[in-house]
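Asker: Need a 3D model of the following:
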Amino acid sequence: MESRSTSENSANRPTGPGAAVRTRTARRPRLRWRDPGAQGPWRNWAGNVAARPARTAAPGSAAEVAQVVRAAAADGLKVKAVGTGHSFTAAAATDGVLIRPDRLTGILALDRAAGTVTVAAGTPMRALNAALARAGLSLTNMGDIMAQTVAGAVSTGTHGTGRASASIAAQITALELVRADGTPLRCSREENPDVFAAARVGLGALGVLTSVTFAVEPVFLLTAREEPMGFERVLAEFDEHVAGNEHFEFYWFPHTSNCNTKRNNRSAGPAAPPGLLRGWLDDEVLSNGAFKVACSVGRAAPAAIPAIARVSSRALSARTYTDIPYKVFTSPRRVRFVEMEYAVPRAAAPAALRELKAAVDRSPLRVSFPVEVRTAPADDIALSTASGRDSAYIAVHLYRGTPHQAYFGAVERIMVAHGGRPHWGKLHSRDAEYLAGVYPRFGEFTTVRDRLDPDRVFGNDYLRRVLGG
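Answerer: This next block holds a predicted model:
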């Protein structure tokens, strides 16, 4: 395939994999406005956040985004861009203008020589991963789902697990956004580097992302080894597993001492994906269908949850398979839930998990979802949860509709005691005062924000709480 540059002139030309997503050609801006009153309020995926914007817009280019922002500012309205709603916080909620991602999609440029792909910010991660695979390319790492848009994933700090790589934002080499005054800004390590350091995890506070350039590499194979393991053994061998595998994660089932571990490492092949029957049983029947039934039973009869957990934790047996990255890293998630996740210093993870297990064991809490544990190396992004320190992520979930405050509150107290940083897209109660204390570069981010959006055109209640002002 012919190499493409990421220049302005080439940014709107269709490229090979872009045909599988959607590409945009230059044209006169033509906005599509929607009447929110006819559609009802916007709701996120979990259903715990709703907003009723004054109007919505579906721009299909950076020029149209700029037009939306200028019109909103002229009318005294706030602006928020929303993705697919996979954030559990109100980060995208607004009573002003809501920008939808539907038309801001497509691969804009592919440069094989440089090893980069530039993609419109509203493109779903699922479409990007599949298109890259068809072009023989891949991101180095990714999260465990791919329903988010590119902008939503990077803006909230979406991450996977890895010894040398984890977050999606750390793979960005350049990005473009529309500022509060309606003007575009391109940034990279060489161009507006202070904005680049902040905007890779920008929370939607600095502007509306219109395109993102990622580093990519030739597609490779990963061998996944999934294996049940006892809680204390996993923690005793935690450092060994992290150091000895490119990607290590595990799930602990509350009310038991059972875990399921997953180790992903590059492989010379050949590809050996799970058989159709085994994959269907594990991913659809056990991890989604049967699990949803178990969660529903547990919500109706909480006393049954410990017994269900013991059965569920023994149902997943060891398996090994080899496939391309996005088919190994990601899994279908059809059971809806609410989630809290904290990043703690990696060395603190075993202690924090033992405290969490003790808290659950001695309490009346009944927890139907496993606890997910992943790791990430330190990075140089101002508000990345791994900024400046090797990190471990501890994520807790509850089935949608189950009261979560007591459990999440107990978890949060433990994580805060270890200097935890909450995931920006997941439930937490921290404010700017706390966050300024756990992010050494917090002031650097707010300084950039003050310069790019002094009137808080992109502000909302969530950003006021976590960033102040």
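Asker: So for the protein, the centremost residue is which one?
Answerer: Geometric centre of the chain, nearest residue: Thr158, 2.6 Å, by C-alpha atoms, centre = their mean.
Asker: Please report phi then psi for that residue.
Answerer: Note on Thr158: its backbone torsions stand at phi -60, psi 140 [degrees, to the nearest 10].
Asker: burial of the nearest residue to it once chain neighbours are set aside, as a residue count?
Answerer: Distance criterion C-beta to C-beta, 6 or more residues apart in numbering; nearest residue to Thr158, sequence neighbours excluded, is Gly143 at 4.7 Å. Heads up, the C-betas are built off the backbone N, CA and C, glycines and all. By other C-beta atoms under 10 Å, the residues close to Gly143 number 21.
Asker: circling back to that earlier point, pull up the gap between the residue nearest to the centre of the chain and Pro124, please.
Answerer: Separation of Thr158 from Pro124 (C-beta to C-beta, to the nearest Å): 13 Å.
Asker: what do you get for Thr94?
Answerer: 22 Å.
Asker: higher neighbour count, these two?
Answerer: Remark: of Thr94 and Pro124, Thr94 carries more neighbours, 27 against 20, as counted by other C-beta under 10 Å.
Asker: Any chance you could give me stretch 307-325 in PDB, C-alpha atoms only?
Answerer: Written as PDB, here are the backbone C-alpha positions of stretch 307-325 (Å, rounded to 0.1, in the frame of the first residue of the first chain):
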ATOM      1  CA  ALA A 307     -22.200 -19.900  46.400                       C
ATOM      2  CA  ILE A 308     -22.600 -18.600  42.900                       C
ATOM      3  CA  ALA A 309     -19.100 -17.200  43.100                       C
ATOM      4  CA  ARG A 310     -17.600 -20.500  44.100                       C
ATOM      5  CA  VAL A 311     -19.300 -22.200  41.200                       C
ATOM      6  CA  SER A 312     -18.400 -19.500  38.700                       C
ATOM      7  CA  SER A 313     -14.800 -19.300  39.700                       C
ATOM      8  CA  ARG A 314     -14.400 -23.000  39.100                       C
ATOM      9  CA  ALA A 315     -16.200 -23.000  35.700                       C
ATOM     10  CA  LEU A 316     -13.400 -21.400  33.700                       C
ATOM     11  CA  SER A 317     -10.700 -24.000  33.000                       C
ATOM     12  CA  ALA A 318      -7.200 -23.500  31.600                       C
ATOM     13  CA  ARG A 319      -6.800 -22.800  27.900                       C
ATOM     14  CA  THR A 320      -4.200 -21.600  25.500                       C
ATOM     15  CA  TYR A 321      -4.700 -20.000  22.100                       C
ATOM     16  CA  THR A 322      -2.900 -17.800  19.600                       C
ATOM     17  CA  ASP A 323      -4.300 -15.000  17.500                       C
ATOM     18  CA  ILE A 324      -3.800 -11.400  16.300                       C
ATOM     19  CA  PRO A 325      -3.700  -8.800  19.000                       C
END
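Asker: let's number from 686 now, not from 1
Answerer: I'll keep to 686 as the first residue from here, and by that count the last item is stretch 992-1010.
Asker: what secondary structure does Thr825 sit in?
Answerer: Here Thr825 is recorded as coil under DSSP: H, G, I helix; E, B strand; the rest coil.
Asker: Excluding residues flanking it in the chain, which one is nearest it?
Answerer: Using C-beta to C-beta, 6+ apart, the closest residue to Thr825 is Ser850 (5.0 Å).
Asker: Also Gly1153?
Answerer: Looking at Gly1153 with C-beta to C-beta, 6+ apart, the closest residue is Ala1117, at 3.5 Å.
Asker: give me every residue that touches that neighbour.
Answerer: Applying C-beta atoms under 8 Å, 6 or more residues apart in numbering to Ala1117 gives the contacts 1127, 1150-1154.
Asker: what about the strand or helix carrying Glu917, average pLDDT?
Answerer: According to DSSP states H and E, Glu917 maps onto helix 916-921. Rounded to a whole number, the mean pLDDT of helix 916-921 is 98.
Asker: Next: stretch 849-859.
Answerer: 95.
Asker: Quick one: end-to-end distance for that stretch.
Answerer: Across stretch 849-859, the terminal residues are separated by 20 Å (C-alpha to C-alpha, to the nearest Å).
Asker: Return the set of buried residues in that stretch.
Answerer: Neighbour-count burial for stretch 849-859 flags 850-859 (criterion: 16 or more other C-beta atoms under 10 Å).
Asker: next structured bit after the helix or strand of the chain with the lowest mean pLDDT?
Answerer: Lowest on mean pLDDT, DSSP states H and E among the helices and strands of the chain sits helix 721-724, with a mean of 45. Downstream of helix 721-724, the next assigned helix or strand under DSSP H and E is strand 727-728.
Asker: What are the phi and psi values at the residue nearest to Lys763 when sequence neighbours are not counted?
Answerer: Counting by C-beta to C-beta, 6+ apart, Gly781 is the residue found nearest to Lys763 once chain neighbours are left out, at 3.5 Å. Per-residue torsions, Gly781: phi -100, psi -120 (degrees, to the nearest 10).
Asker: Based on its surroundings, how many neighbours for Gly781?
Answerer: Neighbours of Gly781 (other C-beta under 10 Å): 20.
Asker: The helix or strand where Ala1043 lies packs against which elements?
Answerer: Taking DSSP H and E as the criterion, Ala1043 maps to helix 1034-1046. When contacts are defined as 3 or more C-beta pairs under 8 Å, 6 or more residues apart in numbering; DSSP states H and E, helix 1034-1046 sits against helix 916-921, strand 1056-1061, strand 1076-1084, helix 1090-1102.
Asker: Let's see that with 10 Å instead.
Answerer: helix 916-921, helix 923-929, strand 932-937, strand 1022-1030, strand 1056-1061, strand 1076-1084, helix 1090-1102 (3 or more C-beta pairs under 10 Å, 6 or more residues apart in numbering; DSSP states H and E).
Asker: now the angle from that helix to helix 1090-1102?
Answerer: Angle between the axes of helix 1034-1046 and helix 1090-1102 is 150 degrees (criterion: axes from the mean of the first three to the mean of the last three C-alpha atoms, to 10 degrees).
Asker: residues of helix 1034-1046 that come out buried?
Answerer: Buried-residue list, helix 1034-1046, by 16+ other C-beta under 10 Å: 1034-1035, 1037-1038, 1040-1042, 1044-1045.
Asker: tell me which element Ser981 is part of?
Answerer: Per DSSP H and E: helix 976-985 holds Ser981.
Asker: in that helix, what's buried?
Answerer: 976, 979-980, 983-984.
Asker: which residues are contacting that helix?
Answerer: Helix 976-985 has contacts (C-beta atoms under 10 Å, 6 or more residues apart in numbering) with 970-971, 989-994, 996-997, 1000, 1019-1022, 1051-1055, 1082-1088.
Asker: from the residues you listed, which ones fall inside strands?
Answerer: 1022, 1082-1084 (DSSP state E).
Asker: now for these, which pair is the farthest apart?
Answerer: Largest separation among the ones in strands among the contacts of helix 976-985 by C-beta to C-beta: His1082 and Tyr1084, giving 7.8 Å.
Asker: who has more neighbours, these two?
Answerer: The residue with more neighbours, out of His1082 and Tyr1084, is His1082; 25 against 20, by other C-beta under 10 Å.
Asker: is it true that the more buried one touches Phe1022?
Answerer: Yes - the pair His1082 and Phe1022 passes the contact test of C-beta atoms under 10 Å, sitting 4.5 Å apart.
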